[in-house]
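> I need the structure of the sequence given here:
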Amino acid sequence: MNRPFDEARYASLLKGLDATVIKFSKVHLDNEKFRLDDGYFSKLAVLTLQRVEKLPHVRFGEATSVFRKGIFDIKADSYLPSGIPFVRIGDLKNGLIDTNGIAFISATAHQKEAKTGLRFGDMVLSKTAIPAASFVTLDECNVSQDTIAVRIAPAWKKRLRGGFVTAFLNSRHGLALMEREFQGNVQAHLSLPDGKKIPIPLFDMRLQDATHSGFIYASKKFSEAAQQFERAEQALLRELGLNNWRPPEPLTYTANSSQVFAAGRFDAEYFNPAKHIVIHALAAMPHRTLGEHVLSVRDMFVAGNPKEIGLVRNFDLGDALDPVLDDSMEPVPATEIGSSKKRFRKGDVVISRLRSYLREIAIVRTTDDIPSIGSSEFIVLRPKFAGQTQISPTLLWAYLHSQPVQTILKSCVDGSQHPRFSEIDLLSIPVPDAIHSVSAEIEKLVDEAISSRILANRVLSDSKRAIEIAIDDSEEAALLFLASTTE
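Residues are numbered from 1 along each chain as shown. From the prediction side, this is the model:
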C-alpha cells in the first residue's frame, strides 16, 4: 500500500475500451428481447458486462427489497410549500439529490404511497430519457413516476453500501450498463425487470466504505454551501429592507391599456403586481440600472468558421446550475462544435434567459489560455469599471440569484414551450447602491460556499473514478488512488 497510484499504467489500460468486436453468437446471450441496436451492444457496455461478471457480483434486483416505479397520480397542483420531499427526475444530480427547488407533498399522500417512500441510505434511479442514480441523504422522501425507488434488502446491507452502489452506477461503467437497458423510440425508458438485472460488483468493504463515506461527506459539504448561499442572500435582502418580503399572489388584477401598448405585451404574467411592487421598491432607493453596471457581451463563436481552431471549453446551460464555470470543464476541439455560441471570459457572469426559474447563473472563473464559450441562450454580463461603485462578479451573481430579481424575471418571460426573458427587461432592473455596503460580506460567504461545492464535487468524482479503476485495474489500485487524493 506504500507505492503510489500508477496513473500512466491506468491510462494504458483504458485504451482497450475501444477495441472490441461482438460475435453474432453473442447476440443471443442474455438477450430475451433479441435487441440488435448499437446502444445495447456499445463497446463500453459489453466490456463492462464481461468484466463485472468475472468479478464477484449480484444482480441488482436480488439485493433489493424495494425496486418500484414512483407515484403516478401526483400532479404539480398537489405540491406544497413544505411537507415530505418529492423527488423528481430533474432532482437527480451527480449522484445526489439536489434539494434546491425540490417539491413537497402532504404526509397523507406520502403515507398512501408508502411503498415508494424512501429514507437515508436508499437510492433513486431515473426510468425515463437518460440514466441517472442518486443516493438519498434526506430523512424521508417519496418519488415521482419518472423514477424508480430502490432500497437494499436487510440481508444484503452488510455486503453492499448504498453510497458505493450509487458511485458505481454513476461511473462510466455503471452509466453504460444502465444506458444499455434503456429502450424506446420516442422517449427511452428503463423497465423494472431490465433495471433489476444490472450486475453490481461485490468489492471489498474497504473500498465500499470509502466511497460510501465520500458520498455522505459530499452531501454535508453541499448542505454547508446551501447554508452559506442562504446567509449571503439574507445579508443582501436585509440591507435592502426586503428580508421579510414575500411576493403577493392575487387571484385577479388589471392593467391600463396604455401600459399594455407601451410594453408591447398583453400576457397577464407580465403585469403581475408582484413584479411591479418589487421594481418600485428597488427603484425607490438610490440606484443604477443593471445596464449601467454591466456590458452585455455579444461576442459570438461561429461554428464551421475556418478561423475557429484550437481547443475551447464549451459550457451548456445546465453547467450554470453550479455557481462557477471553471477549468474543470475538459477542453474540446473547436471544430467539433456544431452550433453558434457566446464567448465569455474570466470575471463575466452568465445567466440563462431560458426558463429563468432554474436559476442557471454562474460566475466565470476559467483561465484565459483556452477560450470559453457557451450556449447562445446565455446573456453574458461583464461588469464595467466604475471605481468604488463597480459591482463585482460575486455580488452581481448574488443579486441576480436573489428573490426580488427572480420575481421580476419570472414575470418577464415570454413563450409557452421555451419561456425566455428579454435582455432589455434584464438590463432595466434597478440595482440599489446599498448592496455595495455588504459586498465584502457576500464575497466571503459566496466564496466559502463555492469552495465547499468544489470540494464536494471533487469527492464525488474521486469516488466514481475509484470504482472505474477497480473494474479496469484492481481494487488495490482503486484504494491507492483514493489514498493519493487525501494526501
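
> where along the stretch 301-450 of the chain do the helices fall?
393-401, 403-412, 423-427, 439-472 (DSSP state H, counting those that start in this stretch).

> centre of the chain to the third one, how far?
This points to helix 423-427. Centroid separation between helix 423-427 and its chain, computed with CA atoms, centre = their mean, to the nearest Å, is 26 Å.

> give the other helices and strands that it contacts.
Taking 3 or more CB pairs under 8 Å, 6 or more residues apart in numbering; DSSP states H and E as contact, the helices and strands that helix 423-427 lies on are helix 290-293, strand 294-297, helix 403-412. For the C-beta atoms, the positions are set from N, CA and C on the backbone; glycine is no exception.

> mind giving me the domain split of the chain?
The chain is divided into the following domains under automatic domain parsing: 22-201, 227-435.

> and of the ones you listed, who's closest to D462?
D462 lies closest to domain 22-201 among the domains of the chain, at 9.5 Å (CB to CB).

> what is the mean pLDDT for the closest one?
If you average the pLDDT over domain 22-201, you get 88.

> I429 is in contact with H287, correct?
No - using CB atoms under 8 Å, H287 is not in contact with I429; the gap is 9.5 Å.

> I'd like the domains of the chain laid out as CSV, including mean neighbour count and distance to S219.
Formatted as CSV, the domains of the chain follow (neighbours: other CB atoms under 10 Å; distance: least, CB to CB, whole Å):
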stretch, mean neighbour count, distance to S219
domain 22-201, 18, 4
domain 227-435, 17, 13
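
> between those domains, which one is closest to D472.
domain 22-201 (7.7 Å).

> make CSV out of the helices and strands packed on helix 423-427 and add distance to G162 and mean pLDDT.
Shown next, in CSV, are these (distance: least, CB to CB, whole Å; pLDDT from 0 to 100):
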stretch, distance to G162, mean pLDDT
helix 290-293, 45, 95
strand 294-297, 45, 96
helix 403-412, 34, 92
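
> any idea which of the ones you listed gets closest to R119?
Nearest to R119, of the helices and strands packed on helix 423-427 and by CB to CB, is helix 403-412 at 31.0 Å.

> which helices and strands does that closest one pack with?
helix 205-240, helix 273-283, helix 423-427.

> one step back: can you work out which residues contact both of H287 and I429?
Listed contacts common to H287 and I429 are nil; contacts here mean CB atoms under 8 Å, 6 or more residues apart in numbering.

> quick one on the thing from earlier: dump the helices and strands packed on helix 423-427 to TSV, plus distance to S339.
Formatted as TSV, the helices and strands packed on helix 423-427 follow (distance: least, CB to CB, whole Å):
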stretch	distance to S339
helix 290-293	27
strand 294-297	18
helix 403-412	25
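
> hang on, the earlier thing: among the helices of the stretch 301-450 of the chain, which comes closest to L49?
Per CB to CB, nearest to L49 of the helices of the stretch 301-450 of the chain: helix 439-472, 10.8 Å.

> let me see the mean pLDDT of that closest one.
pLDDT averaged over helix 439-472 gives 95.

> is V52 in a helix, a strand, or coil?
Recorded secondary structure, V52: helix (DSSP: H, G, I helix; E, B strand; the rest coil).

> quick revisit: got the helices of the stretch 301-450 of the chain as JSON lines, with distance to S223 columns?
Below are these laid out as JSON lines (distance: least, CB to CB, whole Å):
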{"stretch": "helix 393-401", "distance to S223": "18"}
{"stretch": "helix 403-412", "distance to S223": "20"}
{"stretch": "helix 423-427", "distance to S223": "31"}
{"stretch": "helix 439-472", "distance to S223": "9"}
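
> OK, contacts around I152?
63-65, 121-122, 160, 162, 165 are the contacts of I152 under CB under 8 Å, 6+ apart.

> now render the domains of the chain as TSV, adding distance to R453.
Converted to TSV, the domains of the chain look like this (distance: least, CB to CB, whole Å):
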stretch	distance to R453
domain 22-201	11
domain 227-435	7
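
> re the thing from before, which stretch among the helices and strands packed on helix 423-427 comes nearest S134?
That would be helix 403-412 among the helices and strands packed on helix 423-427, by CB to CB, at 25.3 Å.

> follow-up on the earlier one: so which of the helices of the stretch 301-450 of the chain gets nearest V349?
Nearest of the helices of the stretch 301-450 of the chain (CB to CB): helix 393-401, 5.0 Å.

> what's the angle from that closest one to helix 439-472?
90 degrees (axes from the mean of the first three to the mean of the last three CA atoms, to 10 degrees).

> ok, residues contacting helix 393-401?
229, 232-233, 236, 293-294, 323, 347-349, 351, 359, 361-364, 381, 383, 391, 405, 431, 435-436, 439, 442-443, 446-447.

> please name the nearest non-neighbouring residue to M329.
Nearest residue to M329, sequence neighbours excluded (CB to CB, 6 or more residues apart in numbering): R313, at 4.5 Å.

> that should have said E377, apologies.
L354 is the one closest to E377 (CB to CB, 6+ apart), at 4.5 Å.

> R68 - that's part of a strand, no?
Yes - using three-state DSSP, the assignment for R68 is a strand.

> doesn't L192 make contact with it?
Yes - at 7.5 Å, R68 and L192 qualify as touching, with contact defined as CB under 8 Å.

> and for those two, which residues touch both?
Common neighbours of R68 and L192 (CB under 8 Å, 6+ apart) are I148.

> and T485, which of the domains of the chain is closest to it?
The nearest among the domains of the chain, by CB to CB, is domain 22-201 at 13.7 Å.

> H436 and A449, how far apart?
As defined by CB to CB, to the nearest Å, H436 lies at a distance of 20 Å from A449.

> gap between the spatially most central residue of the chain and G214?
The residue lying closest to the centre of the chain (CA atoms, centre = their mean) is K93, at 4.6 Å. Distance from K93 to G214, counting by CB to CB: 16 Å.

> who's more crowded, H436 and A449?
A direct count of neighbours by other CB atoms under 10 Å for H436 and A449 places A449 higher, at 22 against 16.

> touching, the more buried one and P323? I think so.
Yes - contact criterion CB under 8 Å: A449 and P323 qualify, at 7.4 Å.

> need the overlap of contacts for the two.
Going by CB under 8 Å, 6+ apart, residues that sit against A449 and also against P323 are F229.

> export stretch 452-461 as CSV, just CAs?
Below are the C-alpha coordinates for stretch 452-461, written out as CSV (Å, rounded to 0.1, in the frame of the first residue of the first chain):
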residue,chain,number,x,y,z
SER,A,452,-17.5,23.7,-0.3
ARG,A,453,-19.2,22.8,-3.6
ILE,A,454,-15.9,22.4,-5.4
LEU,A,455,-14.7,20.0,-2.7
ALA,A,456,-18.0,18.1,-2.7
ASN,A,457,-17.9,17.6,-6.5
ARG,A,458,-14.2,16.5,-6.3
VAL,A,459,-15.0,13.9,-3.6
LEU,A,460,-17.9,12.5,-5.7
SER,A,461,-15.7,12.4,-8.8
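
> let's number from 11 now, not from 1
I'll keep to 11 as the first residue from here, and by that count the last item is stretch 462-471.

> related to what we said a few turns ago, CSV please, covering the helices and strands packed on helix 413-422 and showing mean pLDDT.
Converted to CSV, those look like this (pLDDT from 0 to 100):
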stretch, mean pLDDT
helix 215-250, 95
helix 283-293, 90
helix 433-437, 95
